[in-house]
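Participant: Build me a structure from this.
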Amino acid sequence: METQFSRNYDSLIGTVLITCMILGIPGNAVALYHFATSRTKNVNSTYFKHVYTVISTVDLLLCIFLFPVVESALAEGRYFCTTFCGAWTVGYAVLLDMSVFMVATISVSRLFLLVRPTTRLHTKLGWLVPLLYCTLTLTIKITYTLLNVSSFSFEPHLMSCVYLALDGTVSEEGEPMVNLLNTLILAVTETIQTGFTVVPISLSSILSLWFLRWSMNKTMQVGGRRKKQEEASKTVIIFTVMYVVFNIPILLYNVFFWDWRLGLSSESSYMPVSRFLQSYLDAYSSRFLMSYSSVLVSRVFPAVNSTANPVLFVWRMESFRKFLHGKFRKQIMSEGNGQAT
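Facilitator: Numbering: from 1, shown residues only. Modelled structure (predicted):
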């Protein structure tokens, strides 16, 4: 399939990613500082504070990891420095997996509290479970590399390096051939971790919304504490829905991408899913669908999602707004005192 790149489109993507970095890095850094330093006596609030601390950390690192993608977008011919190709690919993949896991964690945790509102969550689980999952995911990625299940290759379509299972040969069309078994292993692992998890996350959001409405209808007089719990539940639902909107395309992309790779490994141009889309590919041209849709769903959408989370915190969390207001007021007062002296 012919690959076509447009300097105008590439520059636009680079500009969007730079904007995400400019807004996302300081925004998530401030959110991380707030959640890491805030104190509360409520056990469940402490648990969610730990969860939001991890979420802000992951979002901050995702924005920082955009540097080489921006370089590729703005460079002629989508150049990517391959010196740190393996380290970047492993790190970015782990961050994407952690992002999915944290959304699932906060969504399921809030649903559990809606079903059993008197439950006291163990505060340490808010950071211990994500740490264990991160360690497990990182171990799997490194093990795949050491066992030659996966290798790293720069993909111009993605403006970055990716996992591939190449066998060192090329097809008649010049496409690199991949190892079928290793491709299946990578496809299943990646699709489960960053693709199909959208389904249970969506279900938990729907159930949370249903339980929240049922709870509000059941309790006509809402106290201050109950009101805060309902507002917190709404925040989690909005947070989850926003994630699902940005990540459903990733699921569809994973299905198509790995289906296409399996087609290459089986010496067939396209597997069933790709054959179904082939008429659309021909009709719409490869310029956008192959050259730009892949980088949009796998690089731009996660970046925009990570950048938007601090905005959601400002909108939905009164404690975060008070924190920002207090910091700005102290800064203004200190500047005023400095000028007075």
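
Participant: So which residues of this structure form strands?
Facilitator: Using DSSP state E, the strands of the chain run over residues 151-155, 160-164, 166-170, 176-178.

Participant: Pull the residues that contact stretch 308-328.
Facilitator: If you take C-beta atoms under 8 Å, 6 or more residues apart in numbering as the criterion, stretch 308-328 is touched by 24, 27-28, 30-31, 34, 38, 52, 55-56, 59, 231, 234-235, 238-239, 242. In this view, the C-beta of every residue, glycine as well, is placed from N, C-alpha and C.

Participant: 7 Å instead?
Facilitator: Residues outside stretch 308-328 that contact it (C-beta atoms under 7 Å, 6 or more residues apart in numbering): G27, N28, V30, A31, H34, S38, I55, D59, T235, I238, F239, M242.

Participant: Repeat that for stretch 60-76.
Facilitator: 10-11, 13-14, 17-18, 20-21, 24-25, 28-29, 32, 78-81, 88, 91-92, 95, 99, 159-160, 299, 302-303, 306-307.

Participant: Return a selection command, for use in PyMOL, containing the buried ones of those residues.
Facilitator: The PyMOL command for the buried members of these (criterion: 16 or more other C-beta atoms under 10 Å) is given here:
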select buried, resi 10+13+14+17+20+21+24+25+28+29+32+78+80+88+91+92+95+99+159+160+299+302+303+306+307
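
Participant: Check what pLDDT H122 gets.
Facilitator: The model reports H122 with a pLDDT of 90.

Participant: Give me the nearest residue to it, chain neighbours excluded.
Facilitator: Ranked by C-beta to C-beta, 6 or more residues apart in numbering and with sequence neighbours excluded, the top spatial neighbour of H122 is Y47, at 7.1 Å.

Participant: what ranges do the helices span in the stretch 101-250 of the chain?
Facilitator: Using DSSP state H, counting those that start in this stretch, the helices of the stretch 101-250 of the chain run over residues 125-146, 180-194, 198-218, 224-265.

Participant: hmm, back to that, of the contacts of stretch 308-328, which pair is most distant in space?
Facilitator: S38 and M242 (22.6 Å; C-beta to C-beta).

Participant: What count of nearby residues applies to T118?
Facilitator: By the criterion of other C-beta atoms under 10 Å, T118 has 5 neighbours.

Participant: on that earlier part again, which of the contacts of stretch 60-76 fall in helices?
Facilitator: 10-11, 13-14, 17-18, 20-21, 24-25, 28-29, 32, 88, 91-92, 95, 99, 302-303, 306-307 (DSSP state H).

Participant: measure A31 to T143 for me?
Facilitator: A31 is 33 Å from T143, where distance means C-beta to C-beta, to the nearest Å.

Participant: now do A73
Facilitator: A73 sits 32 Å away from T143, going by C-beta to C-beta.

Participant: neighbour count winner among these two?
Facilitator: Taking other C-beta under 10 Å, A73 and T143 do not tie; A73 has more neighbours (28 against 11).

Participant: give the contact list for the residue lying closest to that one once chain neighbours are set aside.
Facilitator: Among residues not flanking A73 along the chain, G14 sits closest, at 3.4 Å (C-beta to C-beta, 6+ apart). Shown in contact with G14 (C-beta under 7 Å, 6+ apart): V70, A73, L74.

Participant: in the stretch 101-250 of the chain, what spans have low per-residue confidence?
Facilitator: Low-confidence segments of the stretch 101-250 of the chain (pLDDT under 70): 148-150, 166-180, 183-184, 187, 191-198, 215-230, 232.

Participant: repeat that for 80
Facilitator: Low-confidence segments of the stretch 101-250 of the chain, defined by pLDDT under 80, span residues 114, 117, 144-151, 153, 157, 163-237, 241, 243-250.

Participant: Reformat the contacts of G14 as JSON lines; add pLDDT.
Facilitator: Supplementary listing: the contacts of G14 in JSON lines, determined by pLDDT from 0 to 100:
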{"residue": "V70", "pLDDT": "91"}
{"residue": "A73", "pLDDT": "88"}
{"residue": "L74", "pLDDT": "88"}
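
Participant: Would you confirm that V297 contacts P249?
Facilitator: Yes. Between V297 and P249 there is a contact under C-beta atoms under 7 Å: 3.9 Å.

Participant: quick one: which of the two has more around it?
Facilitator: Comparing V297 with P249 by other C-beta under 10 Å, the one with more neighbours is V297, at 22 against 16.

Participant: ok, the more buried one to S208 distance?
Facilitator: Look at V297 and S208: by C-beta to C-beta, they are 26 Å apart.

Participant: that older thread, among the contacts of stretch 308-328, the buried ones, what's the PyMOL command?
Facilitator: Buried subset of those, written as a PyMOL selection, criterion 16+ other C-beta under 10 Å:
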select buried, resi 27+28+30+31+34+55+59+235+239+242
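
Participant: which of the contacts of stretch 308-328 lies closest to L114?
Facilitator: So of these, ranked by how close each gets to L114 (C-beta to C-beta), first place is T235, at 12.9 Å.

Participant: so who does that closest one touch?
Facilitator: Taking C-beta under 7 Å, 6+ apart, one finds R316, M317 in contact with T235.
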